[in-house]
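Participant: Structure of the sequence below:
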Amino acid sequence: MPRSDRPLWQLPAGVSRGLWDYVHSPHIADTYDDYFAFNSLFDFDESLLLETFPTPGVIADLGCGTGRALVPLVEAGHRGLAVDLSAHMLQIVREKADSYDLPIDCVLANMVELDCLRTASVDGAICMFSTLGMIRGRANRRQALAHARRILKPGGRLVLHVHNYWYNLRDPDGPWWVLKNLCTAPWSGSVEVGDKWFPYRGLPSMFLHVFRWRELAADLASAGFRVDRRVRLDAERRHALSAPWLLPALRTNGWIVVAAAG
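Facilitator: Model (predicted):
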């Protein structure tokens, strides 16, 4: 049976049809690095990650993709644990590790179902590029965060990126989407406030959950994390937001959060 024909009830926990097609599309993985080759959004992430993890240790990249965030950390002296649901993405990570002789172990797994990873086995964890938002269902996202907390050693930190719900008000159709989402989601058994579907790189219906800050803070707290740092990102997601006191809810594209395991 083609993977795209798998019934919805057979999809893994937290995995939407769009995400299932995304992780099983070879062209997404094969063109990922080229697609973002001239995008400097990775530069800010890299500097923040290197600042957050100055001492060499084991870093788990949850939803690693092609390892764009993990490889610079490993090159700086860390050991990498690359976790992704896409075998195609992990193959590219293995090729990079082999080419540059980097200590990166790869694990094919769903972030909601990480029982394969030992408790207190990593020094740090990262979940970048809105990966948490690709998980459908708040209970599933909280489960993924609980796993991240479980695999961290005491005092370990998680660095996380998500998008801001209210930033959608700046898009041409954003106010209508926000109004419709706020009015219909509370009465729906299948849609939550913040759930979006949109075409992406040849896929007709990619899923992404965008967060309100209180929602994210509560989810992190439920998993046993303490927020140590919150970086508001500007419109292009390449720098911290300037004048963050000025209408931050509308001007913040998203957040990078550094959370410590309590």
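
Participant: Count residues in the vicinity of Arg118, would you?
Facilitator: Per other CB atoms under 10 Å, the neighbour tally for Arg118 reads 9. Where C-beta positions appear, they are placed from N, C-alpha and C, glycine not excepted.

Participant: wait, Ala249
Facilitator: Each residue near Ala249 was counted by other CB under 10 Å, and the total is 13.

Participant: Quick check: next helix or strand after the helix or strand containing it?
Facilitator: Assigned by DSSP states H and E, Ala249 falls within helix 248-251. Stepping forward along the backbone from helix 248-251, the first helix or strand reached (DSSP H and E) is strand 254-261.

Participant: That next one: partners in the sheet, and parallel or antiparallel?
Facilitator: The pairing partners recorded for strand 254-261 under DSSP bridges are strand 152-163 (antiparallel), strand 225-232 (antiparallel).

Participant: Helices of this protein, start to end?
Facilitator: Counting by DSSP state H, the segments of the chain that form helices are 17-23, 26-30, 32-35, 41-52, 70-75, 87-100, 138-151, 174-184, 213-222, 248-251.

Participant: Is it possible to get a markdown table of those helices that adds distance to Ala235?
Facilitator: What follows is those, written out as a markdown table (distance: least, CB to CB, whole Å):
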| stretch | distance to Ala235 |
| --- | --- |
| helix 17-23 | 25 |
| helix 26-30 | 25 |
| helix 32-35 | 20 |
| helix 41-52 | 11 |
| helix 70-75 | 24 |
| helix 87-100 | 28 |
| helix 138-151 | 25 |
| helix 174-184 | 13 |
| helix 213-222 | 17 |
| helix 248-251 | 7 |
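
Participant: how about CSV for those helices, with distance to Arg230 and mean pLDDT added?
Facilitator: Output for the helices of the chain, formatted as CSV (distance: least, CB to CB, whole Å; pLDDT from 0 to 100):
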stretch, distance to Arg230, mean pLDDT
helix 17-23, 26, 94
helix 26-30, 30, 93
helix 32-35, 28, 84
helix 41-52, 12, 91
helix 70-75, 21, 97
helix 87-100, 28, 97
helix 138-151, 16, 98
helix 174-184, 22, 97
helix 213-222, 8, 98
helix 248-251, 10, 95
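
Participant: out of those helices, nearest to Phe207?
Facilitator: Distances from Phe207 to each of the helices of the chain were compared using CB to CB; the shortest belongs to helix 17-23, at 4.6 Å.

Participant: what helices or strands is that closest one leaning on?
Facilitator: Under the contact criterion of 3 or more CB pairs under 8 Å, 6 or more residues apart in numbering; DSSP states H and E, the helices and strands touching helix 17-23 comprise strand 195-200, strand 203-209.

Participant: roughly how far is it from the heart of the chain?
Facilitator: Computed by CA atoms, centre = their mean, to the nearest Å, the separation of helix 17-23 from the middle of its chain amounts to 15 Å.

Participant: ok, and what's touching it?
Facilitator: For helix 17-23, the surrounding residues in contact (CB atoms under 8 Å, 6 or more residues apart in numbering) are 3-4, 6, 8, 11, 28, 84-86, 88-89, 134, 136, 197, 200, 203-207.

Participant: Over to stretch 135-152?
Facilitator: In this structure, residues lying in contact with stretch 135-152 by CB under 8 Å, 6+ apart are 13-16, 19, 60, 62, 111-112, 114-115, 117-125, 127, 132, 158, 192, 195, 207, 209, 215, 219-220, 222-225, 261.

Participant: buried ones in it?
Facilitator: 135-138, 140-152 (16 or more other CB atoms under 10 Å).

Participant: Okay, the residue lying closest to Thr55 once chain neighbours are set aside and Gly77: tell me how far apart.
Facilitator: Nearest in space to Thr55, with sequence neighbours left out and distances taken as CB to CB, 6 or more residues apart in numbering, is Asp123 at 7.9 Å. Note on Asp123: its distance to Gly77, by CB to CB, to the nearest Å, is 12 Å.

Participant: Check Arg201 too.
Facilitator: Separation of Arg201 from Gly77 (CB to CB) stands at 34 Å.

Participant: centroid residue for this structure?
Facilitator: With distances taken as CA atoms, centre = their mean, the chain has Thr131 as the residue nearest its mean C-alpha position (2.1 Å).
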